[in-house]
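Structure of the sequence below:
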Amino acid sequence: MELSPSDLLTFLEKRARHPLSAREILSHFDLTRSERQAAVRLLKSLVREGSLIQLKGGRYSLPRQVNLVVGTVSAHRDGYGFVTRSEGKGADVFVPARFMREVMNGDRVAVRIERRGGGRPEGRVVRIVERAHRSIVGRFEGGRPFGYVVPADPRLTHDLFIPESAAMDARPGQIVVARIDVYPSRNRNPEGTVVRVLGDADDPEVEILAIAQKYGLPSEFPAELEAGADIPDRVTAEEHAGREDLRSLPLVTIDGETARDFDDAVAVRREEGGFIRLWVAIADVAHYVRENSPLDREAYERGTSVYFPGRCLPMLPEPLSNGICSLNPDRDRLAMTAEMLFDREGRRVESRFYPALIKSHARLTYGEVRDVLVHRSPEVIARYPDLAPRLEIMEDLARRLMEVRRRRGSLDFDLPEAEIVLDLRGRPDDIVRAERTIAHRLIEEFMLAANEAVATFLTEKGTPLLYRIHEEPDLEKFQAFQEFIAHFNYGLTIGEKGVDPRHLQRLLAEVEGHPEERVINHVLLRSMKQARYAAENAGHFGLAADCYCHFTSPIRRYPDLVVHRALRQVLAKGGLSEGRKRHLQRSLPEVGEHTSNRERRAMEAEREIVDLKKCQFMAERVGHEFDGIVAGVQPFGFFVELKDFFVEGLVHVSSLGDDFYHYEEDLHRLVGQNRRRIFQVGDEVRVRVAGVSQERREIDFELAGDEPGQKGKGKRKKVKPHNPEP
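Prediction:
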């Protein structure tokens, strides 16, 4: 028999009352010689992932059987840390700074619980299970006989000492990548070697490279892939075979102004009886990226394209992503097409999928589509006289689809995002709230419809699939959310089976346009589980969809490429062979976990570069005053979003010198003890930029016009509700 991880863990859970050696554990199973060797390797892998602890003498135990917790350290810049349990159950363990000297942020550790009070448990690190970092990115500072690297991540609290001979001629102030040769101990800092000098800290390109290195994002392709020697630049006549010719169909792409990779094109036609037919043509990336090829392995490792202001780290080399796979106008391209028919109510009544030969008739921007549909611009309509009527049909269909999703309880979070406007040097010139109009929504609706149709089709065919799932939220978190919104005079019904997404949808509609809209949206989002990729279909709570996958962006998302391959095989052969099904059943769980992790990594990196650009932008405005709105309140202060720029900063409670302020948790507000001055979400305030820390990605404000003893009179101005454009 071949042991599985669950076999070993179940045995230790039920049978082992004290630590056992590998020989003692394996004696309980009937194993061949090769199976015993595989089982020993499995034991070691379970130790690496933290499911088992290996004690002195080579004995194994479940962590909790020896009063240990295994998890990942989140270090605070002040030295202490918290350990999040690997099994995901139970409170985080607080680790005081005196027990963190050998630990670095992100390390997997074993912690012994030493104190349990009414609050968070406290412990000490007894073993480092796995190091999170092999290298660090930071600022080099020179010296003799040692230099040192100050980590760019403030959660890495140890400076890395660099011997003079290992400095690679780095100059003080430059950003470098340094390998860790010796990890920190109780009595000494880590030591290392500079392996790459990225350049000067104020170079925008170096900022991108530093963040890419910090998150382990590949910034370059291997030379043999970068050259694109084996990638064609045009569709050949031989490739037309077996494809429907849709080149006469008026497909168009609709993307942002700066987009360079176009992986979807759409067309519509109004038919008798109020029906509308929709074509969604997606670049046939699977035709060019063969499974298990070097190009495929590189794409899998990256998992997703990463988008920074003014720069993209693509999943595929540019000859593919911006070339033969990009649906550029007036160029023959290969596509996988979803053709769907919708009735008057927006219900899908037909769907068909097939490989096609297409030619995009126009490259439209969101701004142009908005100008046609919203502003009715004569100039833009005259530029696209044939397309303007079709855009109106697209809007009609999009609104039908939006209504279908609304009726079933699909959630529409309208969380604003920052758009960074760069100057010619790559420096932030402006920061504005990204626009989201009907132009964006119609493309979103068409992509959602195609994704859902493909997932349904493949599931009905019995095809193992990489689903995009969003599991139902935990009841405890939603009970806390229910209490939170009650302080804003909103209610939420929680039934015996949990939360009905339609109730959440009504809440989102109710708060729209009110000052508390943003904070309620954010708290609601944090209360829900994160969407992820999985081989088992658990439905998509946020979309209120029973069956959903990602199909529409194979240029920039690896899961879409996996779905394309399955769809191509089903269409070509009518179904998958049993061997192919077994292969997918074995491999898809790992693919889902890997690509979900890569997605989270990309999101964190993208968020950090935006925060850095915001700090750079505001660093030139220290001392300037701005009007803003209180966007959130915490015990340590309140966050203010500026009206002029889409930037947020903190007014720390220590800067409020006119009174002693206490935090009323139930009402989420700060109240002055003596003068009863109140700060809560929605208040209009005027602030001064007090300071900016680019290293910590923090912006500090202080109230403008206030001097100690002369602060405000307790007056508050409420923001008037507004109705943003749909």
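
If you count neighbours, what's buried in stretch 479-497?
Going by neighbour count (16 or more other C-beta atoms under 10 Å), the buried part of stretch 479-497 is 481-482, 484-485, 487-488, 492. Bear in mind the C-beta positions are built from the backbone N, C-alpha and C, glycine included.

would you turn those into CSV with secondary structure and pLDDT?
Below are the buried residues of stretch 479-497 laid out as CSV (DSSP: H, G, I helix; E, B strand; the rest coil; pLDDT from 0 to 100):
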residue, secondary structure, pLDDT
Phe481, helix, 88
Gln482, helix, 90
Phe484, helix, 86
Ile485, helix, 89
His487, coil, 82
Phe488, coil, 84
Leu492, coil, 89
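
out of these, what pair is the most spread apart?
Across the buried residues of stretch 479-497, the longest distance by C-beta to C-beta is 12.5 Å; it joins His487 and Leu492.

which regions of the stretch 451-600 of the chain lie under the pLDDT threshold?
For the stretch 451-600 of the chain, no stretch has pLDDT under 70.

in it, which spans are helices?
Along the stretch 451-600 of the chain, counting by DSSP state H, counting those that start in this stretch, helices occupy 475-486, 501-511, 517-527, 558-573, 578-619.

looking at the ones you listed, which is closest to Asp30?
If you check each of those against Asp30 by C-beta to C-beta, helix 578-619 wins as the nearest, at 23.9 Å.

Endpoint to endpoint, stretch 151-170 covers what distance?
By C-alpha to C-alpha, to the nearest Å, the extent of stretch 151-170 from end to end equals 15 Å.

contacting residues around that stretch?
For stretch 151-170, the external contacting residues (C-beta atoms under 8 Å, 6 or more residues apart in numbering) are 74-77, 79, 100, 104-105, 133, 136-140, 142, 144-150, 175-176, 178, 180, 184, 189-197, 210, 214, 695-696.

Which PyMOL command selects the buried ones in those?
Here is the PyMOL command that picks out the buried ones among those, judged by 16+ other C-beta under 10 Å:
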select buried, resi 75+100+104+105+133+136+137+138+139+140+147+148+149+175+176+178+180+184+189+190+191+192+193+194+196+197+210+214+695
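
sorry, back to before: rebuild the helices of the stretch 451-600 of the chain as TSV, extending it with distance to Glu419.
Below are the helices of the stretch 451-600 of the chain laid out as TSV (distance: least, C-beta to C-beta, whole Å):
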stretch	distance to Glu419
helix 475-486	29
helix 501-511	23
helix 517-527	17
helix 558-573	25
helix 578-619	9
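
how much space between the closest residue to Val454 other than its chain neighbours and Met394?
Using C-beta to C-beta, 6 or more residues apart in numbering and skipping residues adjacent in sequence, the residue nearest Val454 is Phe551, 4.4 Å away. As judged by C-beta to C-beta, to the nearest Å, Phe551 and Met394 stand 19 Å apart.

Just want to know which of these two has more residues nearby.
Phe551 (30 against 26; other C-beta atoms under 10 Å).

dump the residue contacts of the more buried one.
Neighbouring residues of Phe551 by C-beta under 8 Å, 6+ apart: 282, 338, 450-451, 454-455, 560, 563-564, 567.

Tell me which stretches of the stretch 301-450 of the chain form helices.
So, for the stretch 301-450 of the chain - with DSSP H, counting those that start in this stretch - the helices run 318, 366-373, 378-383, 387-408, 438-460.

Now do the domain split for this structure, please.
Per automatic domain parsing, the domain ranges recorded for the chain read 5-63, 67-130, 135-201, 225-469+540-607, 475-528, 621-703.

returning to what we had before: going by distance to Asp202, which of the buried residues of stretch 479-497 wins?
Phe484 (41.6 Å).

Just to check, that closest one is in contact with His522?
No. The criterion here is C-beta atoms under 8 Å, and Phe484 misses it with His522 at 10.8 Å.

distance of the residue nearest to Arg408 when sequence neighbours are not counted from Glu452?
Nearest non-adjacent residue to Arg408, counting by C-beta to C-beta, 6+ apart: Ala544, 4.5 Å away. Taking C-beta to C-beta as the measure, Ala544 falls 11 Å from Glu452.

Ala39 versus Arg352, what's the distance?
Applying C-beta to C-beta, the value for Arg352 to Ala39 is 50 Å.

what about those two, which has more around it?
Neighbour tally, Arg352 and Ala39, criterion other C-beta under 10 Å: the higher count belongs to Ala39, 20 against 13.

mind checking pLDDT for that one?
Note on Ala39: pLDDT of 84.

quick one: contacts for it?
Applying C-beta under 8 Å, 6+ apart to Ala39 gives the contacts 3, 8, 22, 26, 29, 31.

Mind putting the residues you listed into a markdown table with neighbour count, secondary structure and distance to Lys573?
Shown next, in a markdown table, are the contacts of Ala39 (neighbours: other C-beta atoms under 10 Å; DSSP: H, G, I helix; E, B strand; the rest coil; distance: C-beta to C-beta, whole Å):
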| residue | neighbour count | secondary structure | distance to Lys573 |
| --- | --- | --- | --- |
| Leu3 | 18 | coil | 36 |
| Leu8 | 21 | helix | 39 |
| Ala22 | 16 | helix | 46 |
| Leu26 | 18 | helix | 43 |
| Phe29 | 14 | coil | 40 |
| Leu31 | 16 | coil | 39 |
